[in-house]
Structure formats: C-alpha cells, structure tokens
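Novice: After the sequence you'll find the predicted model.
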2 protein chains.
Amino acid sequence: PTPQANGDHTGKKIIRPTWAESAQKCKLQITARLYNIMHKKKTNLAVSVDVHSCREVKKIIEAVGLHVCIVKTHIDIIEDFVPEFTKELQDLAEKYNFLIFEDRKFADIGNTVQSQYSRGIYKISDWADIVNVHPLPGKGVISGLQQVVKDKGLKRGCLLVAEMSSAGNLITKDYTQASLRLAEADEHKDFVMGFVCQSRLTEDPSMIHMVPGVKLSSGGDNLGQQYTTPEEAVIKRGADIIIVGRGITEADNLKEEAERYQKAGYEAYLKTVS
Amino acid sequence: PTPQANGDHTGKKIIRPTWAESAQKCKLQITARLYNIMHKKKTNLAVSVDVHSCREVKKIIEAVGLHVCIVKTHIDIIEDFVPEFTKELQDLAEKYNFLIFEDRKFADIGNTVQSQYSRGIYKISDWADIVNVHPLPGKGVISGLQQVVKDKGLKRGCLLVAEMSSAGNLITKDYTQASLRLAEADEHKDFVMGFVCQSRLTEDPSMIHMVPGVKLSSGGDNLGQQYTTPEEAVIKRGADIIIVGRGITEADNLKEEAERYQKAGYEAYLKTVS
C-alpha cells in the first residue's frame, strides 16, 4: 500500500488491530511493552515535559503519570540536571508504568551519535527506553546507536523522524519514503520501532507512529509550530501515540488536562479498531 | 551562478578573494573576526576535538592551538564536563586566537532549539562563537536561535548543514538549494555565516564554507564516514575551512600533524586566490 505523506491523509479512515493484538504481533520487545502499557492503562498519550528544572519535571510526571504511556524529555534543557535525576526518572517510570522517550533527534554521523548516545554527562542509552533520529545522515545514524544497544545488551527502541510539524520544513515525500525504507531494513529490525510523523506510513503494527504538535485547540506558536487535535491525529493521521506538550504543561490543572487528552486520544482510538 | 551540489564539483577551479579582502567585504562581525584570524595565523584549519575528557580536550588544544582558526567541540560527549570548563575553553580561545564552534546540529522546532541553545547544563550560547543547524525543520530552527542571540546582545554565527559527507545521506540538490535560500534570507543576515557542506554553494565571501571529513589519507570509517583530502576540499570543493578530526587527534604527534594540515590547507588556499 502506498504510504500517505505530508498533507495527503484526509478522508481515509484508519482501521487498526487493538493494542492487545498489536502487542502479540510486533517483533520488538520494547514495542510489545509499549502496547501492553497502552492496553492496560487505556492511553495513547505521551506528554512532553519541556520545563527547566528537575523539580518541575517531577511535578508534571506526578500529576500526569497515571494517564500517559510515555514521558518525552529534552534532558538538555534542564538547568539543574544531575546524573542522579535519571534514576529518579526511572523510578517514576516504574511507579506509573510508562516508557521514557528522550527526544534527542540525533542527526550526525554514526561515530559521533554513538558517543552522544552513550557518553558525556547524560549517558542517554542508560535510561531512555526510546530515542529518535533524523534519518538525514543515512543509515549510519541508526547503526551507530544500534551498536551501543547491542554491545550493552539493552532493550531499546529508536524512532525515525519521517515528517515534521513545523512550517516550511524541508521534508519531501521522497525523504519520508527513504525513512520508511530505512526503518524496514532488515539490519535495523532489532532497534527501529517506528516514526515521529504527521501521517500513517505503514499498516505494520510493529511500526509505532507518534504524532507531535497535538493540542485540543489547534493553531500554532510564533516560531512555526503547527498544531493538530487528538482526534485528527489518531483518526485522520493514523497516530498510535499523540504527543502533547504545552497543551498540558501550561494548563492550570495538569492532572485534569492530562485526563482530557487521555480520554480524547482513547475515544479516537476506539473509533479506529477493527 | 548555479551552485554546485553533491558530487558536481570536480574540474572547476575556485577563484576567491584573499582572506584579508574577505574580512573587509563580509557583513557579519563574527565572519570578519574569523577571516582576520585566518589571515593573521595563515590557517584555514579547524580541529574537531572528539574526545571524552576535559583534560584530553585541553591537551589537544594546547598542542594544536597555534595552527588552527577554529576548535570544533561536541560538548555532550565529555564525561567529566563541569560548567567551569567552558570558561577554560574561552581562555584557550583567547590565548591561541581561535573561535569555538559547537557542532550541535540543532534540528528541532524553534521553541525547543531556543532552550537547547541557551539553557540546560551547557548554555551553549554563552561560550560557543559558532553553532550549526540542520535546516530540515524550516526557518524556525534558525529564528529560534537568532532570537536568543538578539535578546542577549551576543556576537554569534550560525552555519547551515547544507550537505553531509556520510554514505547514503538523504540530502538532495533541492535540499541544498533550500539551505542556500534560507542562509541568504534577509531575516537571517545578522546570524547565518555560512555552511557545513561538501562543495561551494555561493561566491559571496560573507558565506563561509566549512568542509568536514578531511584527512590526508582518504578512505572512510566503518560507520559510513567518507574522507576527502585538504587539497581536494579547498581547491575542488571550495572549502574556506577544512575540518579535521581523527586525522589529527589520533596522530602520535598532535602538533606536527596539525602543522602538516595547516600547511596543506594554506598552500591549497594560495593556489585559489585571485
């Protein structure tokens, strides 16, 4: 089937297996774990905790933890980061049963991203269940990270950024297609778990589609971000996971807002199961 | 004139103004500073210090400092990083008269890269004269950083990664052309200083072309990196700056090797001045 690239995703209704079925069908352990969490907690909500202190990150997670399957971090924007914080993140992930997704968008040659993933202050490979890469540098950006995971015997997953939500981005249909081919390449099957995208790229339930830029009220920001609603993301764009940032983190009541998004995302999912 | 994209750069000889002339002609203060350093020190060599301790970084800089115009860092691969280290880097930059280029390859939406540039543990905007971005997310990735520089009143420069050296990268001629247009856009003229690329994209001396993956013995690594020689980089590809990593940092005698590259790069430059 021809994948639907940027802008070409309206009208066609997505039909998908249930999360419980998908957990059985998918090949990668981390993906099965994610589907099982989604099934158990009835949520396809990922929250971006784009705040600047460990305390704020923890406060948000304590408020939204019951309602999410993934917490997405930008570890490098936290002012008071200390290595022990990653242990606290992992403890919270266990307490509330979610996966940690470090939104690093690795985008360098293999030799460099290998160091950026496993070394330095952050040692991302030690604590992030999921990371993402821009496939722009070619397959080395994936192989470089995958070698770390293999050498350390870790259970990790990698998402390819196949489409972006920002205005005037340079991603073309050919680029998205090339991302799909890299994701499906046999040599990456032990590591690649799906996409960060704006539309459904494949029906294979082994490939998780995460759609960022989701907000109950649509619109944008003043730096080119463009939002989509949970219902549109799940039904029209085929998102398995909706990624919500400021829509939740800037709300007065974090927990209530997370529940609203959880409900919106889950009801949209129910409309799409076969 | 039609720019020459990937692979289309053989045969045509580059003719350029001298560095002293270029320093007069260019519009951005940081670019003029760079040309003046190149002219004074007779070098177009940038060294990548891709090592994992503050001590090793400083050791390399002390050995090569006299021979380079730029030191390129990956701050996030240093295991024992402490905030004070960036002050030491700046002191070394003053002692040896070079610019610091943090090879961060920002590649997210404007709102996110703004935080990644100015906040977190690294506070890159405080100490890196130059950073680079992938233009992939669209102009927001540039505007986001530029707003930081404007708000803080800093003299900084930004390079767009317009071409890559890694095998199978997804950059097309159209992508490179779009990068060129973003670089030349009037709204970015106070910030964009050129490209990380593999070929000459414009004759405008305001736009610095930095070519990575340079090594005296050509070849590659096992993760898709492909090397080019200093002479080829400067004469055939039109590099203003050659970026050398493992070719120098893995040598037995760092200083001697840096001198070899400086000489090779400078002699190639002399063959191209009008």
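Specialist: Looks like it came in fine. Here the structure is a predicted model, which is why all the values come from computation and not from measurement. Residues are numbered from 1 along each chain as shown, chains lettered A, B, ... in the order given.

Novice: of all the residues in the stretch 1-150 of chain A, which ones are close to chain B?
Specialist: A:50, A:52, A:74-79, A:81, A:103, A:105, A:107-112, A:114-116, A:119-122, A:134-141, A:143-144, A:147 (Cβ under 8 Å from any Cβ of the partner chain). For the C-beta atoms, the positions are set from N, CA and C on the backbone; glycine is no exception.

Novice: buried residues in the longest helix along chain A?
Specialist: Using DSSP state H to define each element, chain A has its longest helix at helix A:254-270. Within helix A:254-270, the residues that qualify as buried are A:254-255, A:257-262, A:264-266, A:268-269, counting by 16 or more other Cβ atoms under 10 Å in any protein chain shown.

Novice: what's the closest of those to A:Arg237?
Specialist: When those are ranked by distance to A:Arg237 (Cβ to Cβ), A:Ala268 comes first, at 10.3 Å.

Novice: okay but that closest one is in contact with A:Glu231, surely?
Specialist: Yes. A:Ala268 is in contact with A:Glu231 according to Cβ atoms under 8 Å; the separation is 4.7 Å.

Novice: show me where pLDDT drops low in chain A?
Specialist: Chain A contains residues with pLDDT under 70 at A:1-13, A:218.

Novice: A:Glu184: how many residues sit nearby?
Specialist: 15 (other Cβ atoms under 10 Å in any protein chain shown).

Novice: Would you map the strands across chain A?
Specialist: A:45-48, A:70-73, A:99-106, A:130-133, A:157-161, A:192-196, A:208-214, A:241-244 (DSSP state E).

Novice: then stretch A:128-140 to PDB, C-alphas only?
Specialist: The C-alpha trace of stretch A:128-140 is given here as PDB (Å, rounded to 0.1, in the frame of the first residue of the first chain):
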ATOM      1  CA  ALA A 128      15.900   6.300  27.900                       C
ATOM      2  CA  ASP A 129      13.800   3.500  26.600                       C
ATOM      3  CA  ILE A 130      13.200   5.300  23.300                       C
ATOM      4  CA  VAL A 131      15.200   7.800  21.300                       C
ATOM      5  CA  ASN A 132      14.700   9.300  17.900                       C
ATOM      6  CA  VAL A 133      17.000  10.200  15.000                       C
ATOM      7  CA  HIS A 134      16.700  12.200  11.900                       C
ATOM      8  CA  PRO A 135      17.500   9.800   9.100                       C
ATOM      9  CA  LEU A 136      19.100  12.700   7.200                       C
ATOM     10  CA  PRO A 137      22.800  11.400   7.700                       C
ATOM     11  CA  GLY A 138      21.900   8.000   6.200                       C
ATOM     12  CA  LYS A 139      21.900   4.600   7.900                       C
ATOM     13  CA  GLY A 140      25.000   5.300  10.000                       C
END
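
Novice: hey, what's the closest residue to A:Asp103 other than its chain neighbours bridged with?
Specialist: Residue nearest to A:Asp103 in three dimensions, not counting chain neighbours: A:Lys72, with 5.2 Å by Cβ to Cβ, 6 or more residues apart in numbering or on different chains. Using DSSP bridges, the bridge partners assigned to A:Lys72 are A:Ser48, A:Phe101.

Novice: what's A:Lys72 in contact with, if anything?
Specialist: By Cβ atoms under 8 Å, 6 or more residues apart in numbering or on different chains, the residues touching A:Lys72 are A:46-49, A:101-103, A:243, A:245.

Novice: Just give me the closest of those to B:Asp129.
Specialist: A:Asp103 (26.9 Å).

Novice: Surely the closest one touches A:His74?
Specialist: Yes. In this structure, A:Asp103 is within contact of A:His74 by Cβ under 8 Å, at 5.7 Å.

Novice: Next one: A:Glu203 relative to A:Leu180, how far apart?
Specialist: Using Cβ to Cβ, to the nearest Å, we find A:Glu203 at a distance of 12 Å from A:Leu180.

Novice: same deal with A:Gly110?
Specialist: With Cβ to Cβ as the criterion, A:Gly110 and A:Leu180 are 20 Å apart.

Novice: same thing with A:Ala63?
Specialist: 36 Å.

Novice: does A:Val133 have beta-bridge partners, and which?
Specialist: According to DSSP bridges, beta-bridge pairing links A:Val133 with A:Phe106, A:Leu160.

Novice: so what's A:Ser179 closest to, chain neighbours aside?
Specialist: A:Ser179 sits nearest to A:Ala162 (Cβ to Cβ, 6+ apart), 3.8 Å away.

Novice: which residues touch that neighbour?
Specialist: Per Cβ under 8 Å, 6+ apart, neighbours of A:Ala162: A:135, A:171, A:175-176, A:179-180, A:183, A:195-197, A:201.

Novice: Contact partners for A:Glu184?
Specialist: By Cβ under 8 Å, 6+ apart, the residues touching A:Glu184 are A:202, A:204, A:207.

Novice: do the same with A:Gly219
Specialist: A:Tyr227.

Novice: A:Leu66 versus the residue in the stretch 151-274 of chain A positioned nearest to chain B, what's the distance?
Specialist: Residue nearest to chain B within the stretch 151-274 of chain A: A:Leu223 (2.8 Å; Cβ to the nearest Cβ). Distance of A:Leu223 to A:Leu66, given as Cβ to Cβ: 32 Å.

Novice: Could you do A:Asn97 as well?
Specialist: 9 Å.

Novice: Now do the shared contacts for these two.
Specialist: Common neighbours of A:Asn97 and A:Leu66 (Cβ under 8 Å, 6+ apart) are A:Lys41.

Novice: Comparing A:Glu203 and A:Leu180, which shows the higher neighbour count?
Specialist: A:Leu180 (20 against 13).

Novice: Grab the nearest non-local neighbour of that one.
Specialist: Per Cβ to Cβ, 6+ apart, closest to A:Leu180 is A:Leu201, 5.1 Å.

Novice: wait, the one you found sits on A:Thr176?
Specialist: Yes. Contact criterion Cβ under 8 Å: A:Leu201 and A:Thr176 qualify, at 6.8 Å.

Novice: List the beta-bridge partners for the residue nearest in space to the middle of chain A.
Specialist: Chain A has A:Met210 as the residue nearest its centroid, 4.9 Å off, counting by Cα atoms, centre = their mean. Residues in a beta bridge with A:Met210, per DSSP bridges, are A:Val196, A:Ile241.

Novice: Kindly report the same for the one 10 residues further on.
Specialist: Partner residues in beta bridges with A:Gly220, using DSSP bridges, are A:Gln226.

Novice: Based on its surroundings, how many neighbours for it?
Specialist: Neighbours of A:Gly220 (other Cβ under 10 Å): 14.

Novice: Show the contacting residues for it.
Specialist: Counting by Cβ under 8 Å, 6+ apart, the residues that A:Gly220 touches are A:167, A:226-227.
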